[in-house]
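>>> Have a look; sequence and predicted model below, questions after that.
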Amino acid sequence: MTKTWTFGEVLSPVKVEDFLTGILGKSWLHLSGHSERFSSLLSWADINRMLCRSGLDLTRVHLSNQNGDVPTERFSTSALSGFPCIRTAELNQFLADGAVLAIDSAADMHEPILDLCRAVERSLGVPIQAQIRCSCREMSSGAQSSEVHSYDHDIIVFELLGAGIWSLQSEGGPGSASGAKDSPGPPDIELKLRPGDLLYIPRGQQHSDRFLNEPSASITVIFRNPTGVEITARLFDRLKEADFLKPEVPRFATDDVQSAYLTVLQVEIIRICTEPGLLLGFMRDL
């Protein structure tokens, strides 16, 4: 029977309200749990079934090693049905050599992950994506996965099998420019995620991660909190619907007519900005 998750169970012992008001978008969070805490979400057998399913969309499947992204054609072929399929021998060899496998949009491929994403969505009110990442051994030095980087979205990592090392940097903390990459310096803190552990990293937090020399698998939940820029864009979308803005601007009219036009424009902007439910409507649109 599939476990039905709540966000409170995911964050326990941290309260959901404390997370939303004091941690979300502000600081990272590491929670340790018993080794079987997230075991119902995914197993190696589940991963194998996903990769062997008929008609698998290979744009979801990514493989990377010390040389960067591995071209899909190096571990896939066309089946007799015409659909692409994984060449298991080649994929296994890449993994044995230290490659990292990632499967995007995993929620609609596996019901327990979908249930987890729905639990997170109910509390955060934003769309949730999930990615599976797994490896069989540590990638050699100089690999891309060990570079310091940051995202333009928040992530929650659920460690399922094996372990991973996550290093967090103070420079380029939450709210800084996304996608920044620097030469890895001494981390402010280094965390070892074990089965049952959870790690939340806010948008803009610089970090690096690497697998160890053991079979490992994790699920990364991905979401974006709306910014003021996005709310401003919504305001402009609302203004586009205003009837008085559809006619041409009275550029060559008298000063009084132009002044009246600008006054109406200002009043309309203020009205939309102070309209009840603006933020709630934005979140509902998401």
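On my side now, so go ahead.
>>> Name the nearest residue to Thr4, ignoring sequence neighbours.
Excluding its sequence neighbours, the residue lying closest to Thr4 (CB to CB, 6 or more residues apart in numbering) is Asp115, at 6.1 Å. Yep, even glycine has a C-beta here, placed from its N, CA and C like the rest.
>>> Before we go further, that neighbour is sitting in a helix, right?
Yes. Counting by DSSP: H, G, I helix; E, B strand; the rest coil, Asp115 is part of a helix.
>>> At the geometric centre of this structure, which residue do we find?
For the chain, the residue nearest the mean C-alpha position is Ile222 (2.0 Å; CA atoms, centre = their mean).
>>> thinking again about what came up before, give me the number of residues near the residue nearest to Thr4?
When neighbours are counted by other CB atoms under 10 Å, Asp115 registers 16.
>>> where are the low-confidence patches of this structure?
1-2, 139-146, 171-187, 276-286 (pLDDT under 70).
>>> Can you check the distance spanned by stretch 7-16, start to finish?
7 Å (CA to CA, to the nearest Å).
>>> in it, what's buried?
Across stretch 7-16, burial judged by 16 or more other CB atoms under 10 Å covers 7, 10-11, 14, 16.
>>> any chance of the residues you listed in JSON lines, plus distance to Ser218 and secondary structure?
Listed next are those as JSON lines, based on distance: CB to CB, whole Å; DSSP: H, G, I helix; E, B strand; the rest coil:
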{"residue": "Phe7", "distance to Ser218": "19", "secondary structure": "helix"}
{"residue": "Val10", "distance to Ser218": "14", "secondary structure": "helix"}
{"residue": "Leu11", "distance to Ser218": "17", "secondary structure": "helix"}
{"residue": "Val14", "distance to Ser218": "19", "secondary structure": "coil"}
{"residue": "Val16", "distance to Ser218": "22", "secondary structure": "helix"}
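>>> Report the contact partners of Phe83.
Phe83 is in contact with 54-56, counting by CB atoms under 8 Å, 6 or more residues apart in numbering.
>>> Export these to JSON lines and append columns for secondary structure.
Formatted as JSON lines, those follow (three-state DSSP):
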{"residue": "Ser54", "secondary structure": "coil"}
{"residue": "Gly55", "secondary structure": "coil"}
{"residue": "Leu56", "secondary structure": "coil"}
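>>> Need the contact partners of the lengthiest helix in the chain.
Longest helix in the chain, counting residues (DSSP state H): helix 255-273. For helix 255-273, the external contacting residues (CB under 8 Å, 6+ apart) are 235, 238-239, 242, 244-245, 249-251, 253, 278.
>>> again, only using 6 Å
235, 238, 242, 244, 250 (CB atoms under 6 Å, 6 or more residues apart in numbering).
>>> and the last one, that's in a strand?
No. Judged by three-state DSSP, Pro250 forms no part of a strand; its state is coil.
>>> Contact partners for it?
Contacts for Pro250 (CB under 6 Å, 6+ apart) come out as 257-258, 261.
>>> how much space is there between the residue nearest to Thr4 and Leu11?
16 Å (CB to CB, to the nearest Å).
>>> Which secondary structure element is home to the residue nearest to the centre of the chain?
In this assignment (DSSP states H and E), Ile222 forms part of strand 216-223.
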